[in-house]
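Enquirer: what follows is a predicted protein model with its sequence.
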Amino acid sequence: MSDQIDIMSAIRQIAAERKIDPDKIIEAIKQAIKTGFRNEYGVENLDLLTVDFEPEKGFIAVYITKKVVNKVNNPQEEISLKEAKELEPNVKVGDELLIDITPEGDFGRIAAQTARQIILQQLREAEKSAAISEIKEKLGSIENVVVQRFTAKKEVICEVNRARAVMPPHEQVPTEFYKIGSRIKVLLKSIEEDERGEYVLISRADPEFLEELFRLEVPEIDSGSVEIVNIAREAGSRAKVAVKSNAPGVDPIGACVGQKGVRINAISNELKLGNFEEKLDIILWDENIEVFLSNAIRPAEAIEAKIIDEKKKQALIVVSDDQLSLAIGKDGQNVRLSSKLTGWDLDIVGESEYKKQKQGNKISKPSKDSSKENKSDLESLGLSSRIINALQKVGIENLEDLRSKIENNEKIEGIGEKSLEEIKKALV
């Protein structure tokens, strides 16, 4: 009995150390005992076995269920009426009898090694399950992880609270370098599953990662007095963050930049794990769309924002001739990000060209140089541009495709649980 009580103490100690429900350890032990009986005594049908394990009493017993018959054909599953009556006088043919087959002493040779292996295996599984459950409550937040190794698929493998974490290439910043043993911040994006079981999908390229960095560094965002309206990001190169104030007297841009730039510098430093620095533009959101569109093309200064087609969200931005190159950006990046940030097709034109067009009455729809020539009907849902971009990245171009994925509960790569909830609400 004292040995069994020691086992109970060990169970409680393991449960506390590994943060595992003691019931899961008990179930693992029960399963191990059943397996031991199969290997030692040839009991093939483990469903016939019942293990009674009462930790508080230090009691362990094993029973087998047998059917009462007149003639025994299968000794493992049947017992004769005569033998049964010796155990239970009132038993009759057809009844099922629970027979105690607990070995004497410490269970003797009940395949101790097999039992130990099963217990350890199930403890590991229970530990992983507990870690995943804990992480599910932290999805959407940032966690510090240590880079452990790389796979042939160029995945970065880390560990989060004893759970496997995977950062595939599309969630990595292309200009960053990750070293084994280095500690990095990542976004806990979602729980996925592969042939090895559940794992945590982590990201540094997702716009939500940048949003959470701002939340960590800017207390006003966490308190709600400053709000991030939208983010347009090309990870490793440039990002635009639209912000607004929800409290009188609070300057949203000043709050994000911080005194002497301390806050924005801390965010920029976290984004610099390679030889390139991701540039950040903090854009002031405005309920007046012309003002917001003008703000969005910063650092270029707009002279005028002219709405061409409000229904199709097409607009023309006029800048001075010497600002035209800056407004468009290298390879069209500035206007492209401005379009993603605002959700509008933007065409940039220099002041002199605008005057010529105006004199000739040629101001019309944006040219094909616009960063988003054709909008999909996904935009009718009112989703943020980052969600729409993620959907289009995996080939979802219209509402029909999106509804089919959601109705069939298919996983959409690049869409976390928070974004998935937004999509479901928008589809209602």
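Expert: Great, that's in hand. It should be emphasised that the depicted structure is a prediction, and the values quoted were computed from it without experimental measurement.

Enquirer: the strands in the stretch 301-428 of the chain, which residues?
Expert: Secondary structure of the stretch 301-428 of the chain, counting by DSSP state E, counting those that start in this stretch: strands at 302-309, 314-319, 345-350.

Enquirer: including mean pLDDT and mean neighbour count, could those strands go into JSON lines?
Expert: To be clear about C-beta, it is placed using only N, CA and C from the backbone, and glycine gets the same treatment. Putting the strands of the stretch 301-428 of the chain into JSON lines (pLDDT from 0 to 100; neighbours: other Cβ atoms under 10 Å) gives the following:
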{"stretch": "strand 302-309", "mean pLDDT": "92", "mean neighbour count": "16"}
{"stretch": "strand 314-319", "mean pLDDT": "94", "mean neighbour count": "23"}
{"stretch": "strand 345-350", "mean pLDDT": "93", "mean neighbour count": "24"}
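
Enquirer: helix or strand with the lowest mean pLDDT in the protein?
Expert: The weakest-scoring helix or strand in the chain, judged by mean pLDDT, DSSP states H and E, is helix 2-18 (a mean of 63).

Enquirer: after that one, heading C-terminal, what element do we hit next?
Expert: Counting by DSSP states H and E, the next helix or strand C-terminal to helix 2-18 is helix 22-41.

Enquirer: show me what that next one is packed up against.
Expert: When contacts are defined as 3 or more Cβ pairs under 8 Å, 6 or more residues apart in numbering; DSSP states H and E, helix 22-41 sits against helix 2-18, strand 49-54, strand 59-69, helix 112-136.

Enquirer: can I get that helix as PDB, trimmed to CA atoms?
Expert: Coordinates of each C-alpha in helix 22-41 appear next as PDB, following Å, rounded to 0.1, in the frame of the first residue of the first chain:
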ATOM      1  CA  PRO A  22      -3.600  14.700 -12.900                       C
ATOM      2  CA  ASP A  23      -6.600  12.900 -14.500                       C
ATOM      3  CA  LYS A  24      -4.600  12.600 -17.700                       C
ATOM      4  CA  ILE A  25      -1.700  11.000 -15.900                       C
ATOM      5  CA  ILE A  26      -4.100   8.500 -14.300                       C
ATOM      6  CA  GLU A  27      -5.600   7.700 -17.600                       C
ATOM      7  CA  ALA A  28      -2.100   7.100 -19.100                       C
ATOM      8  CA  ILE A  29      -1.300   4.700 -16.200                       C
ATOM      9  CA  LYS A  30      -4.600   2.900 -16.800                       C
ATOM     10  CA  GLN A  31      -3.800   2.400 -20.400                       C
ATOM     11  CA  ALA A  32      -0.300   1.300 -19.700                       C
ATOM     12  CA  ILE A  33      -1.700  -1.400 -17.300                       C
ATOM     13  CA  LYS A  34      -4.100  -2.600 -19.900                       C
ATOM     14  CA  THR A  35      -1.300  -2.900 -22.500                       C
ATOM     15  CA  GLY A  36       0.800  -4.800 -20.000                       C
ATOM     16  CA  PHE A  37      -2.000  -7.400 -19.500                       C
ATOM     17  CA  ARG A  38      -2.200  -7.800 -23.300                       C
ATOM     18  CA  ASN A  39       1.500  -8.400 -23.600                       C
ATOM     19  CA  GLU A  40       1.900 -10.600 -20.500                       C
ATOM     20  CA  TYR A  41      -1.300 -12.600 -20.400                       C
END
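
Enquirer: just give me the neighbour total for residue 287.
Expert: Per other Cβ atoms under 10 Å, the neighbour tally for residue 287 reads 7.

Enquirer: how close does it sit to residue 334?
Expert: Shown here: residue 287 relative to residue 334, a distance of 23 Å by Cβ to Cβ, to the nearest Å.

Enquirer: what does residue 354 give?
Expert: Residue 354 is 18 Å from residue 334, by Cβ to Cβ.

Enquirer: for residue 356, same thing?
Expert: Counting by Cβ to Cβ - residue 356 and residue 334 are separated by 23 Å.

Enquirer: between those two, which one's more packed in?
Expert: More crowded of residue 356 and residue 334, by other Cβ under 10 Å: residue 334, with 25 against 12.

Enquirer: OK, contacts around residue 386?
Expert: Going by Cβ atoms under 8 Å, 6 or more residues apart in numbering, residue 386 touches 207-208, 230-233, 340.

Enquirer: quick one: the helices in the stretch 201-350 of the chain, in order.
Expert: All helices of the stretch 201-350 of the chain, identified by DSSP state H, counting those that start in this stretch, fall at 207-217, 219-223, 252-257, 262-270, 289-296, 324-328, 333-342.

Enquirer: which residues touch the fourth one?
Expert: Contacts with helix 262-270, where a contact means Cβ under 8 Å, 6+ apart, come from 185, 210, 213-214, 217-218, 255-258, 277-278, 280, 282.

Enquirer: please state the mean pLDDT value computed over it.
Expert: Averaging pLDDT along helix 262-270 yields 93.

Enquirer: quick check, distance from it to the centre of its chain.
Expert: Offset of helix 262-270 from its chain centre (Cα atoms, centre = their mean, to the nearest Å): 25 Å.
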